[in-house]
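Student: got a predicted structure plus its sequence, pasted below:
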Amino acid sequence: MARAEIAARTLRTDRWWLPPLTTFVGLLLISIYAAFRTFQGDFYWVDQYHYLTPMYSPCLSEECLPAASHFGQPLPALPGFLTPPVVIIPFLLGFRITCYYYRKAYYRAAWASPPACAVAEPHSKYTGETRFPLIAQNLHRYFFYAASILLLINIYDAIVAFGTGVGLGNIILLVNVGLLAAYTLSCHSCRHIAGGRLKHFSKHPVRYWMWTQISKLNNRHMLLAWTSLIFVCLTDLYVALVASGTISDLRFIN
C-alpha cells in the first residue's frame, strides 16, 4: 500500500517549537558573550589572587600579562584586533561543535534539520555528514584530545590559584574544572576509547570498568554539556568583575 500523503508539516499539537527555540536563544546569547569577552582582551587575570579565566588559558602570546602566562609566551604578539583566546578557541569550539549532543542541538535549533521529532524539515535533500563542511564532524576525536590537554591546563590554573589562600574565586574555578572534566569524560569519543573495539569485556576488566563509569556520565551528557558551558561563562564573568574592580573577591583564608 502506498503511504498516505499528509499536507500538514506535522500533526503534533503540543509546543514542539519551544525546545529548539530555547536552544537557539541560549546558544546565541552564550556566543555573543564569548565573542565580546574574546575580543575585549582585558580583565582576564587577577594578580592578587592568581585567578585566570578559562577563556584565556593558556595565555601564550606576547601581549599576555607575564604573570598570567603560566607556560611562557612562545607566540609573538597577535596582529590587529586578535587577542590571546583566538589561539585556543578553535580547539574548544571544535570540540563543542562536533560533540554528538551539540550536533543534535544546533541541527534542530539553527538548521531545522529536523526541528523536532515528527516535524517535517524544510530542506529538499539530505546528504548527511559526507560532504564539506559537515564531514569535519569526523574530527571530533582529535578535538577531544586537544580539549583534554586544555582541561589539564585549566586544572593546573585552579590549583595554582590556591597559592594565595582560599576565596570564592577558588571555589568557582574548582567547580568549573569539575564540570568541564565531567563533560569531557562523558564524551562519546572518550567512551569509545575506554571500551570500544573490544570483543570480550571479560578479558579487559580495567577497560570494562572505565567504560561502565564513563557510560554513567554519558547518560547525562546533555546536562553536562549545558552546565559546563554556562559555568565557563559565569567563571569568566566572575574573574572579569574582580579583575576590573567592579566587585571584591570573598576571602575565606588569606
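Tutor: Looks like it arrived, so ask away. Numbers count the residues shown, from 1 in each chain.
Student: next one: stretch 216-225 to chain centre, how far?
Tutor: When distances are taken as C-alpha atoms, centre = their mean, to the nearest Å, stretch 216-225 is centred 13 Å away from the chain's centroid.
Student: averaged pLDDT, that stretch. What do you get?
Tutor: The predicted model gives stretch 216-225 an average pLDDT of 95.
Student: swap in stretch 157-168?
Tutor: Averaging pLDDT along stretch 157-168 gives 96.
Student: other residues contacting stretch 27-41?
Tutor: By C-beta atoms under 8 Å, 6 or more residues apart in numbering, the residues outside stretch 27-41 that reach it are 53, 55, 63, 81, 83-86, 89, 105-106, 109-110, 229-230, 233, 236, 240. From N, CA and C alone the C-beta is placed, and that goes for glycine too.
Student: buried stuff in that stretch?
Tutor: Burial within stretch 27-41, assessed by neighbour count using 16 or more other C-beta atoms under 10 Å, is assigned to 27, 34, 37-38, 41.
Student: only whichever of the contacts of stretch 27-41 are buried, select them in PyMOL.
Tutor: Buried members of those, defined by 16+ other C-beta under 10 Å, are picked up in PyMOL with:
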select buried, resi 53+55+83+84+85+105+106+109+229+233+236+240
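Student: neighbours of L150, how many?
Tutor: Using other C-beta atoms under 10 Å, L150 has 18 neighbouring residues.
Student: tell me the contacts of it?
Tutor: Applying C-beta under 8 Å, 6+ apart to L150 gives the contacts 57-58, 88, 91-92.
Student: same thing with E63?
Tutor: Going by C-beta under 8 Å, 6+ apart, E63 touches 41, 77-78, 83-84.
Student: if we go to 6 Å?
Tutor: Going by C-beta atoms under 6 Å, 6 or more residues apart in numbering, E63 touches A77.
Student: go on, A118?
Tutor: Neighbouring residues of A118 by C-beta under 6 Å, 6+ apart: 10, 12.
Student: re earlier: biggest separation within the buried residues of stretch 27-41, which pair?
Tutor: L27 and G41 (23.5 Å; C-beta to C-beta).
Student: on that earlier part again, of all the contacts of L150, which comes closest to I193?
Tutor: Nearest to I193 among the contacts of L150, counting by C-beta to C-beta, is F91 at 17.6 Å.
Student: hmm, the closest one is touching A146, no?
Tutor: Yes - counting by C-beta atoms under 6 Å, A146 is a contact partner of F91 at 4.0 Å.
Student: any chance of the buried residues of stretch 27-41 in CSV, with secondary structure, pLDDT and distance to H188 too?
Tutor: CSV is the format used below for the buried residues of stretch 27-41 (DSSP: H, G, I helix; E, B strand; the rest coil; pLDDT from 0 to 100; distance: C-beta to C-beta, whole Å):
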residue, secondary structure, pLDDT, distance to H188
L27, helix, 96, 20
A34, helix, 97, 24
R37, helix, 97, 29
T38, helix, 96, 27
G41, coil, 94, 35
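Student: and the contacts of L150, which is closest to L217?
Tutor: The closest of the contacts of L150 to L217 turns out to be L92 (C-beta to C-beta; 19.3 Å).
Student: and for that closest one, the neighbour number?
Tutor: Neighbour count of L92, defined by other C-beta under 10 Å: 20.
Student: what do you get for I88?
Tutor: Neighbours of I88 (other C-beta under 10 Å): 21.
Student: what sits closest to it if chain neighbours are left out?
Tutor: Once flanking residues are discounted, I88 sits nearest to L150: 6.2 Å by C-beta to C-beta, 6 or more residues apart in numbering.
Student: return the alpha-carbon coordinates of the helix or strand encompassing that neighbour using CSV.
Tutor: Assigned by DSSP states H and E, L150 falls within helix 140-160. Taking C-alpha atoms only, helix 140-160 is exported to CSV below (Å, rounded to 0.1, in the frame of the first residue of the first chain):
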residue,chain,number,x,y,z
HIS,A,140,35.6,15.0,16.9
ARG,A,141,38.0,12.5,18.5
TYR,A,142,41.0,14.7,17.7
PHE,A,143,39.3,17.8,19.2
PHE,A,144,38.7,15.6,22.2
TYR,A,145,42.4,15.1,22.6
ALA,A,146,43.1,18.8,22.3
ALA,A,147,40.3,19.7,24.8
SER,A,148,41.6,17.1,27.3
ILE,A,149,45.0,18.9,27.2
LEU,A,150,43.4,22.3,27.7
LEU,A,151,41.4,20.8,30.6
LEU,A,152,44.6,19.7,32.3
ILE,A,153,45.9,23.2,31.9
ASN,A,154,42.6,24.6,33.5
ILE,A,155,43.1,22.2,36.4
TYR,A,156,46.6,23.5,36.8
ASP,A,157,45.4,27.1,36.8
ALA,A,158,42.8,26.3,39.5
ILE,A,159,45.5,24.6,41.7
VAL,A,160,47.9,27.5,41.3
